[in-house]
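K.L.:
Next come a sequence and a model predicted from it.
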Amino acid sequence: MGYMIDGIKTLDDFDFAGKTVLMRCDLNTPLDPVSGDFLEDRRMRSHLPTIQELMDKKAKVVCMAHQGKPGESEFTSLDKHAAHLGKLLGCEVKYADDLFGPTARTMIKNLGDGEVLLLDNVRMYSEEALERPPEVHSKSYLVKNLAPLADLFVNDAFGTAHRSHASTVGFTPVLPCVAGRLMEREIRALSDVTKNPKKPIVFILGGAKVKDSMKIIQKALDRGVDKILLGGVLANVFLAAKDYRLGEPTIEFIRGKKFIELIDVAKQILDKYSDQIVLPIDVALDKSGQRIEIPLSELPQDYKIVDLGKLTVQKYTNIIQSSGTVFFNGALGLYETPAFAYATEEIIKAIAVAKSFSVIGGGDTVAAARNLNVEDNITHVSTGGKASIDFLAGVKMAAIEALKGQ
């Protein structure tokens, strides 16, 4: 059909009136450690267009989502999520304190056209997070109990699209499946970065997911990305690969995260792509909570490297201003500490005023854009952290692959 994206059907391809729709959302939200209140609701808001459209089309909308992981303090039930979602939608969102048992099934059967029900945290089900192929997950208790009650499955959870979990891929062998509006928007925007990018293409990568970033660096450079600007722990690994002595506190952190072996990988990348990799020329240290900036020539130091320096930020800003496409994922410093959020915030500001096609992803990066009130000046704000990295690295993403060929 004409509405398909990369072989995936969308909400335009089906009549939803009177149909029961299982919808996978990503409502995973940072919580206040004391009160348990939501610290922000960006991910909830991102699903409103899909839910509202299904309501307007008189579908019976059954939402599935997760919050945290078992064993974490943020692993909770979703009753507060249902209440907050209801406020955002301006209507009642029913809540089932159950996932696929008698209570949930009865509430699904009794749902009226245009009504919304949120089931309990899918990760309460022990087999949810097992990485299994769709055919295996389709035989899980979750799918066997819920699929017979539904007419369609809508996956709108781009943030979990790299996960081959029961709720993300298990319904695809047994129900007609489509991408929700958020999933569709993410795929379209990120595809523009990989398939039809305006040159020059600039990637800015930071954060602590060094192994994931190494993958995207190699893939991106092989695909013709013009410059990759580095910050965070990732930059420190590459500086070590260039034989800079960073100082014991910084090296100890790299060692503790088991990133030492990645220094050799960074050396190989630098040997092949030294002109495209752009490294800091100065850094900020944490001296008992005080920000101290030094040029690289003054390393090593007995204080930990926690941010990029002002000269590096200016250098990166100049590159961004002349870019055609820019992608930014991962904080460039210790973003949670205001004194060390400087580089992340300044680079976000630079992207916001650039005339480039711009995409940002990752929790801290997106939080910075929101706090600076510049989200509307960025072409696409992705709800995926690792998901957006995997997509741009060309990794086949389980939930997206499962939607194809429907």
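P.N.:
Perfect, I can see it now.
K.L.:
contacts and neighbour counts: CA atoms only from here.
P.N.:
Fine.
K.L.:
buried sites along stretch 199-215?
P.N.:
Burial within stretch 199-215, assessed by neighbour count using 16 or more other C-alpha atoms under 10 Å, is assigned to 199-210, 213-215.
K.L.:
if I pick Val193, what's in contact with it?
P.N.:
Contacts for Val193 (C-alpha atoms under 8 Å, 6 or more residues apart in numbering) come out as 325, 392.
K.L.:
for it, phi and psi?
P.N.:
When read as degrees, to the nearest 10, the backbone of Val193 gives phi -70, psi -40.
K.L.:
domains of the protein?
P.N.:
11-185+398-403, 199-355 (automatic domain parsing).
K.L.:
chain center to the last one: distance?
P.N.:
Put simply, domain 199-355 sits 19 Å off its chain's centre (C-alpha atoms, centre = their mean, to the nearest Å).
K.L.:
tell me the average confidence for it?
P.N.:
Domain 199-355 shows a mean pLDDT of 96 in the predicted model.
K.L.:
Which parts of the stretch 1-150 of the chain are strands?
P.N.:
Taking DSSP state E, counting those that start in this stretch as the criterion, the stretch 1-150 of the chain contains strands spanning 20-24, 60-64, 93-95, 116-118.
K.L.:
so what does the last one touch, helix or strand wise?
P.N.:
Judged by 3 or more C-alpha pairs under 8 Å, 6 or more residues apart in numbering; DSSP states H and E, the packing partners of strand 116-118 are strand 60-64, strand 93-95.
K.L.:
before we move on, what about the first one?
P.N.:
Judged by 3+ C-alpha pairs under 8 Å, 6+ apart, strand 20-24 is in contact with strand 60-64, strand 152-155.
K.L.:
Now find how far off-centre the longest one is within its chain.
P.N.:
What that stands for is strand 60-64. Centre-to-centre, strand 60-64 and its host chain are 22 Å apart (C-alpha atoms, centre = their mean).
K.L.:
which strands and helices sit next to that strand?
P.N.:
With contacts defined as 3+ C-alpha pairs under 8 Å, 6+ apart, the packing partners of strand 60-64 are strand 20-24, helix 48-56, strand 116-118.
K.L.:
please redo it, this time with the cut-off set to 7 Å
P.N.:
Contacts of strand 60-64 with other secondary structure elements, assessed using 3 or more C-alpha pairs under 7 Å, 6 or more residues apart in numbering; DSSP states H and E, are made with strand 20-24, strand 116-118.
K.L.:
I'd like to know which of those lies nearest to Asp226.
P.N.:
Each of these has some distance to Asp226 by C-alpha to C-alpha; the shortest is strand 20-24, at 36.3 Å.
K.L.:
List the contacts of the closest one.
P.N.:
59-65, 150-157, 167-168 (C-alpha atoms under 7 Å, 6 or more residues apart in numbering).
K.L.:
out of the helices and strands packed on strand 20-24, nearest to Ser288?
P.N.:
Nearest to Ser288, of all the helices and strands packed on strand 20-24, is strand 60-64, at 44.9 Å by C-alpha to C-alpha.
K.L.:
tell me the mean pLDDT over that closest one?
P.N.:
Model confidence over strand 60-64 averages 99 on the pLDDT scale.
K.L.:
Would you mark the buried spots in that strand?
P.N.:
Of the residues in strand 60-64, those buried (16+ other C-alpha under 10 Å) are 60-64.
K.L.:
for these, which one is nearest Ala129?
P.N.:
Ranked by distance to Ala129 (C-alpha to C-alpha), the buried residues of strand 60-64 are led by Met64 at 13.7 Å.
K.L.:
which residues does the closest one bridge with?
P.N.:
Applying DSSP bridges to Met64 yields these beta-bridge partners: Arg24.
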